[in-house]
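Participant: Sequence unavailable; structure follows:
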């Protein structure tokens with residue numbers, strides 16, 4: 001993920017950390033974010049003391065690693081904190097160092113800032129993809145009814161959904177409320193107003209990304225003498241803009257990752273094995289396969305401005321979104337990188 005994001009943004013800081021730039025000694029991305037995290041935590045007496053008592057290998061494994069990985073998937077500080085606390089508990093760091101959930105909440109916020117500082121280009125690329133998605137789907141304003149009435153209906157629907165068991169009358173009311181909410185209409189005030197986002201990857205695969213809001217319908221039944229509540233989620237024809245914005249970056253970058261592997265395999269005559277984004281072959285053919293992965297990756301990102309490619313793919317050049325600045329990374333240098341795939 002970070003390699004693709006670094007190549008798109010041509011960010012030299014990221015490139016050095018993830019093998020896009022030749023280095024004498026392999027850099028560790030998670031250690032670099034951990035070091036920046038320690039620096040940012042210096043003003044918090046408790047966090048600073050906590051991190052000083054932890055060896056770097058424990059900070060990397062329990063604090064830095066998963067958050068740094070999932071940030072590339074648009075994970076926010078809340079989710080990073082949740083995962084972090086799970087990891088430190090699993091490693092028994094909660095007992096060894098007295099780490100609390102509150103500590104993880106604070107550390108997650110600082111880790112996001114650390115990643116932004118260590119890898120500015122990829123984060124700007126993610127934001128750019130989100131803004132393009134917002135433009136393609138557009139913004140709609142409520143029309144054809146009172147905003148107050150609309151909010152009251154939604155509040156009542158949430159209230160009914162929060163109950164464990166509903167009477168027959170309440171089930172009918174819930175369905176009627178859901179239908180009433182759907183009767184309101186919206187008017188496009190910004191963007192293209194599309195309901196899906198499509199793009200074609202370098203391998204020729206057409207990716208279609210859909211994310212619609214849903215409506216819950218509930219029904220109650222009895223099974224073996226026990227009350228059973230059924231919940232049916234049915235999609236509406238309204239796009240879920242929050243879903244699109246949180247999912248566009250990982251979906252787009254994953255499609256680039258898949259295209260890279262597909263193009264490597266297309267002209268590979270030897271034995272090939274894959275686990276997620278890991279490439280494998282017999283030991284005698286490793287160097288040849290490594291060279292092939294480099295050539296395909298360089299070819300994918302050899303354009304001067306890949307942001308133009310993304311813009312054309314996602315919005316057909318109809319947007320008014322400002323592009324991020326492009327760095328000075330030369331993707332051709334990957335050819336001389338020992339640690340591009342390792």
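Facilitator: Now that the structure is in, tell me what you want to look at. Keep in mind that this is a model prediction, so the values were computed, not measured. Numbers count the residues shown, from 1 in each chain.

Participant: going forward, measure contacts and count neighbours with C-alpha atoms only.
Facilitator: OK.

Participant: didn't residue 99 look like it was pressed against residue 91?
Facilitator: No - using C-alpha atoms under 8 Å, residue 99 is not in contact with residue 91; the gap is 11.3 Å.

Participant: The two: who's more crowded?
Facilitator: Using other C-alpha atoms under 10 Å as the criterion, residue 99 and residue 91 rank with residue 99 on top: 18 against 14.

Participant: got a list of what that one touches?
Facilitator: Residue 99 is in contact with 50, 88, 93, counting by C-alpha atoms under 8 Å, 6 or more residues apart in numbering.

Participant: for it, helix, strand, or coil?
Facilitator: When classified by DSSP: H, G, I helix; E, B strand; the rest coil, residue 99 comes out as coil.

Participant: residue boundaries of the helices in the stretch 101-250 of the chain?
Facilitator: Under the criterion DSSP state H, counting those that start in this stretch, the stretch 101-250 of the chain contains helices at 101-118, 120-137, 147-162, 168-182, 241-266.

Participant: so which of these gets nearest residue 321?
Facilitator: helix 120-137 (6.7 Å; C-alpha to C-alpha).

Participant: Just the residues contacting that closest one, thanks.
Facilitator: 2, 5-6, 8-11, 13-14, 72, 74, 116, 190-197, 239, 241, 244-246, 248-249, 310-311, 314-315, 319, 321-324, 326-327.

Participant: thinking again about what came up before, closest one to residue 256 out of the contacts of residue 99, please.
Facilitator: Using C-alpha to C-alpha, residue 88 comes nearest to residue 256 of the contacts of residue 99, at 32.4 Å.

Participant: which SSE is the closest one in?
Facilitator: Counting by DSSP states H and E, the element that carries residue 88 is helix 77-90.

Participant: next one: that helix to chain centre, how far?
Facilitator: Relative to its chain's centre, helix 77-90 lies at 17 Å (C-alpha atoms, centre = their mean, to the nearest Å).

Participant: buried residues in it?
Facilitator: 77, 80-81, 83-89 (16 or more other C-alpha atoms under 10 Å).

Participant: export these to TSV and tack on distance to residue 256 and pLDDT?
Facilitator: Compiled in TSV, those are given as follows (distance: C-alpha to C-alpha, whole Å; pLDDT from 0 to 100):
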residue	distance to residue 256	pLDDT
77	25	91
80	24	94
81	28	95
83	26	94
84	28	95
85	31	96
86	30	95
87	29	94
88	32	94
89	35	94
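
Participant: pLDDT (mean, whole number) over stretch 272-282?
Facilitator: Averaging pLDDT along stretch 272-282 gives 87.

Participant: mind giving me the domain ranges of this protein?
Facilitator: 2-132+244-336, 138-240 (automatic domain parsing).

Participant: How about the most centrally placed residue in the chain, nearest residue that isn't a chain neighbour?
Facilitator: The centroid of the chain falls nearest to residue 73 when counting by C-alpha atoms, centre = their mean (2.2 Å). In this structure, residue 73 finds its nearest non-sequential neighbour in residue 250, 4.9 Å apart by C-alpha to C-alpha, 6 or more residues apart in numbering.
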